[in-house]
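Enquirer: just need the structure, nothing else, for what follows:
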Amino acid sequence: MLRPERMQRVSLWLVRADAPAAALALAESGAFNTDAGDRFRIELPDLGEHRYRETFLEARSRLDKLLELVPDAESATIAATPAATALNTAAAPDQPVPPGELKALAQRLAELWAVAFAADEAIHALAAESTRIDHQLDTLTSFAGLDMDLGRLSAEHRFLDVRLGTVPTANAGRLREALSLTGALLTTFATGEGIEHCVLVGPGGRQQEIDSLLGTAGWRKVELPAELLTHPRTARQQLEAKRAALAAGIATRQAAAGAERALWAGELAAAQRRLAAASPYADTVGSALRVRGGLAMIAGWVPRREVERVRQLLQARLANSFLLEAREPEAAERPTVPTLVRQPALLKGFAALVRTYGVPSYGEIDPTLFFALSFVLMFGMMFGDVGHGAVIVAAGFAVRGRIKATGPLLIACGLAAVAFGLAYGSVFGGEHLVTPLWQSPLRDPLRLLVLAVVWGIAFLLVASLLRAWNLGQQRGWRAALGDRGGIAGIALYLGLVGAVAGWLGHGPPPALALLVAAGGALVALAHAYSEQTGSRGERVIVALMETAEAAISYFANTLSFMRVGAFSLNHVALMLAVFAVARQLGGAGEVLALIAGNVAIIVLEGAIVAIQALRLEYYEGFSRYFGAGGRPFLPLAVGGKVLR
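Expert: Okay, the predicted model is just below:
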């Protein structure tokens, strides 16, 4: 729980023909993280069955598309049918999928997709035609006022110039007057949205003059499709009949496609099962599998306590002999070792918040437990109220079944708020209902701020101790002792804190404290100097700057924790404001104001306090001791699901 599980580098040497079965067995173990590395690149240059992976990805893509068309396939009963023989429905889930079966499966899925695609394309073509008919019906609405054959308007006339078009309403009057001088007549038969639909009839010999006037007025010619070149009533009847026929055709094709696809449910369920069995081997190809001739090697990481179980599972599943080598990670491999931390259910919500910052490196202390304890305590200090905490506890129990990780987090924060509420003597902001176990924050604000600083000092000391441990694991104990973030930094910080406390009359003699601080500073300076490169003067300057920066950051980080006390005071002040407003309203308004005020404080201030506690954890804690440079342990899985 405090440290990631110890990992071992595992190399599985086996007959190449057994590789698919081995990959499936490793996936079923739920304890194998693939990672081939570069160690065997020369001895085993071939990455393995690229075609197998390509075929798998092709089949998986087609299956996903088909499952969108047949959503009930996942729960369908797998029935062996003549068409499904290629899917090997009789195979057990723990049987590997050989390349021949995978290829046949991919071909069958391609056939089903071709049929489905053709049916959908035919339906889409009918739907597009129906949409086109709808647009023509919309166009026909503009000609409802014309009681004449539209084909005659579009036909050529020997002695007349007949045109159909639109003109902006603002220009219609002037155009009508101008056209009258040419002997042409402009008749409006429909209007709408600033546009007039018009018929123009003029003498046949004055087309150029009419064209000039129409261009100036913004005339737009209306081109009619062949279906509309008849009387508007006749055209509408024909179009509506055609639309009804298209709708019937779409319904028929959809019903036929649905009935046909329903017959595929068993095949698709079988395909899904077989592709799930093929996925481990496909995932190892190109990442953890290397082959040469008839020999294969699969490499990766396994938790130390799981190695023997993995060995036994391979013995039960593989037909031929194999060699399983397991060793501790080498120093150069440690940055690539995946991190596996098993957290109890109560810490899942806190672990999720830690993971938003990063994953612990291999060997690094997992901060979840320290984070959970300190986060809950700071939340309780800043939001101490029995009533408000009880509401948060109730909310945690309410969401526990639906959001499992969030429930325990809310319950823990609520209980901390209740505990500090008893210490402050506050119940829904009222300080007369219970006797405080300690005192109200407003009774002595300065004392509360001092306690917040003391809490910050303790927090930073624990964080620095964690940093020293991590330094020892990653860079050796010399770094743990001499680094400004290690034991030397702790001595510097304790000495400075002791000196300040001594000057204030509450600590050791300032001279002794300064001696401790000077010793820590000298050790940190020497270590920083030894790690630098360049001239002697450059190394001295950098070492001095780093040590001074460490002292300044300790001071600034300590003062940041004064916000813990400030928000405790803020919580009381907000409740006093709510009570003052409620008293001004009186009667029913007072009750409503108290309810609304408490709800607002629980929701808004509760969220703000949680964010402030998280900020202190991230910026004053994690930035000091948590490298967060690890990679999560991602075990090989069957069909994307870890079976264990």
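
Enquirer: what's in contact with stretch 584-600?
Expert: For stretch 584-600, contacts defined as C-beta atoms under 8 Å, 6 or more residues apart in numbering pick out 387, 388, 428, 429, 575, 577, 578, 579, 581, 582, 583. (C-beta placed from N, C-alpha, C; glycine too.)

Enquirer: could you redo the last one with a cut-off of 6 Å?
Expert: For stretch 584-600, the external contacting residues (C-beta atoms under 6 Å, 6 or more residues apart in numbering) are 428, 578, 581, 582.

Enquirer: what residues sit buried inside the helix or strand that contains the second one?
Expert: Using DSSP states H and E, the element containing residue 578 is helix 562-585. Of the residues in helix 562-585, those buried under the neighbour-count criterion (16 or more other C-beta atoms under 10 Å) are 562-572, 574-575, 578-579, 582.

Enquirer: coming back round to it: pLDDT and distance to residue 164 for the contacts of stretch 584-600 - can I get that in JSON lines?
Expert: Below are the contacts of stretch 584-600 laid out as JSON lines (pLDDT from 0 to 100; distance: C-beta to C-beta, whole Å):
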{"residue": "428", "pLDDT": "92", "distance to residue 164": "77"}
{"residue": "578", "pLDDT": "91", "distance to residue 164": "73"}
{"residue": "581", "pLDDT": "90", "distance to residue 164": "71"}
{"residue": "582", "pLDDT": "90", "distance to residue 164": "74"}
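
Enquirer: the strands in the stretch 151-300 of the chain, which residues?
Expert: 160-168, 185-192, 195-203, 220-221, 289-292, 295-303 (DSSP state E, counting those that start in this stretch).

Enquirer: neighbouring strands of the shortest one in the sheet, and parallel or not?
Expert: Put plainly, it is strand 220-221. Taking DSSP bridges as the criterion, strand 220-221 pairs within the sheet with strand 160-168 (antiparallel).

Enquirer: buried ones in the strand it pairs with?
Expert: Of the residues in strand 160-168, 161, 163, 164, 165, 166, 167 count as buried by neighbour count, 16+ other C-beta under 10 Å.

Enquirer: return the member of those nearest to residue 295.
Expert: For those, the minimum distance to residue 295 (C-beta to C-beta) is 79.5 Å, reached by residue 166.

Enquirer: so that closest one touches residue 200, yeah?
Expert: No - between residue 166 and residue 200 there is no contact under C-beta atoms under 6 Å: 11.0 Å.

Enquirer: quick one on the thing from earlier: quick one: which of the strands of the stretch 151-300 of the chain is nearest residue 457?
Expert: Proximity to residue 457, assessed across these by C-beta to C-beta, is greatest for strand 295-303 (37.7 Å).

Enquirer: which parts of that closest one are buried?
Expert: By neighbour count on 16+ other C-beta under 10 Å, the buried set for strand 295-303 is 296, 297, 298, 299, 300, 301, 302, 303.

Enquirer: what pairs with the third one across the strands?
Expert: Okay, so that is residue 298. Going by DSSP bridges, residue 298 forms beta bridges with residue 12, residue 289.

Enquirer: what distance do you get for the nearest residue to residue 187 once chain neighbours are set aside to residue 400?
Expert: Excluding the flanking residues, the one nearest residue 187 by C-beta to C-beta, 6 or more residues apart in numbering is residue 199, at 4.9 Å. Per C-beta to C-beta, to the nearest Å, residue 199 is found 74 Å from residue 400.

Enquirer: picking that back up, okay if I get the strands of the stretch 151-300 of the chain as a markdown table plus mean pLDDT?
Expert: Output for those, formatted as a markdown table (pLDDT from 0 to 100):
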| stretch | mean pLDDT |
| --- | --- |
| strand 160-168 | 88 |
| strand 185-192 | 86 |
| strand 195-203 | 88 |
| strand 220-221 | 88 |
| strand 289-292 | 82 |
| strand 295-303 | 91 |
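
Enquirer: any chance of the ones you listed in CSV, with distance to residue 279 too?
Expert: Formatted as CSV, the strands of the stretch 151-300 of the chain follow (distance: least, C-beta to C-beta, whole Å):
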stretch, distance to residue 279
strand 160-168, 61
strand 185-192, 60
strand 195-203, 61
strand 220-221, 60
strand 289-292, 14
strand 295-303, 15
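
Enquirer: which one of these lies nearest to residue 274?
Expert: Minimum separation from residue 274 across these (C-beta to C-beta) falls at strand 289-292, 19.8 Å.

Enquirer: okay, how far is it across stretch 336-345, tip to tip?
Expert: Length of stretch 336-345, first residue to last, C-alpha to C-alpha, to the nearest Å: 27 Å.

Enquirer: from the chain's centroid, how far away is it?
Expert: 20 Å (C-alpha atoms, centre = their mean, to the nearest Å).

Enquirer: got it, and stretch 471-483?
Expert: In terms of C-alpha atoms, centre = their mean, the centre of stretch 471-483 is set 36 Å apart from its chain centre.

Enquirer: what comes up buried for it?
Expert: By neighbour count with 16+ other C-beta under 10 Å, stretch 471-483 contains the buried residues 471, 472, 473, 474, 479, 480, 481, 482, 483.

Enquirer: give me the phi and psi angles of the residue nearest to the spatial centre of the chain.
Expert: The centroid of the chain falls nearest to residue 356 when counting by C-alpha atoms, centre = their mean (10.7 Å). Backbone torsions for residue 356, taken as degrees, to the nearest 10, come to phi -70, psi -20.

Enquirer: mind listing what's buried in stretch 334-353?
Expert: For stretch 334-353, the neighbour count (16+ other C-beta under 10 Å) marks 337, 338, 339, 340, 341, 343, 347, 348, 349, 350, 351, 353 as buried.

Enquirer: which residues sit against it?
Expert: Among residues not part of stretch 334-353, those counted as contacts by C-beta under 6 Å, 6+ apart are 4-5, 7, 33, 301, 303, 329, 359-360, 362, 366, 368, 371-372, 405-406, 408-409, 630-631, 633.

Enquirer: do the same with stretch 602-620
Expert: 371, 375, 378, 379, 382, 383, 388, 391, 557, 560, 567.

Enquirer: repeat that for stretch 305-320.
Expert: When contacts are defined by C-beta under 6 Å, 6+ apart, stretch 305-320 is touched by residues 8, 15, 18, 21, 25, 29, 31, 302, 324, 326.

Enquirer: helix/strand/coil for the first one?
Expert: What that stands for is residue 8. At residue 8 the chain is in strand, as set by DSSP: H, G, I helix; E, B strand; the rest coil.

Enquirer: returning to what we had before: among the strands of the stretch 151-300 of the chain, which is nearest residue 419?
Expert: Checking the strands of the stretch 151-300 of the chain against residue 419 by C-beta to C-beta gives strand 295-303 as the closest, at 37.4 Å.

Enquirer: need the CA coordinates for the helix or strand hosting residue 51. CSV is fine.
Expert: In the assignment (DSSP H and E), residue 51 maps to helix 50-69. The C-alpha coordinates for helix 50-69 follow below in CSV (Å, rounded to 0.1, in the frame of the first residue of the first chain):
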residue,chain,number,x,y,z
HIS,A,50,2.8,-8.8,-38.3
ARG,A,51,0.1,-10.3,-40.6
TYR,A,52,-1.7,-11.8,-37.6
ARG,A,53,-1.9,-8.4,-36.0
GLU,A,54,-3.0,-6.7,-39.2
THR,A,55,-5.7,-9.4,-39.8
PHE,A,56,-6.9,-9.0,-36.2
LEU,A,57,-7.2,-5.2,-36.4
GLU,A,58,-9.0,-5.5,-39.7
ALA,A,59,-11.5,-8.1,-38.2
ARG,A,60,-11.9,-6.1,-35.0
SER,A,61,-12.7,-2.9,-37.0
ARG,A,62,-15.4,-4.7,-39.1
LEU,A,63,-16.9,-6.4,-36.0
ASP,A,64,-17.2,-3.1,-34.2
LYS,A,65,-19.1,-1.7,-37.2
LEU,A,66,-21.4,-4.7,-37.4
LEU,A,67,-22.1,-4.6,-33.7
GLU,A,68,-23.4,-1.1,-34.1
LEU,A,69,-25.9,-2.5,-36.6
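
Enquirer: lovely, talk soon.
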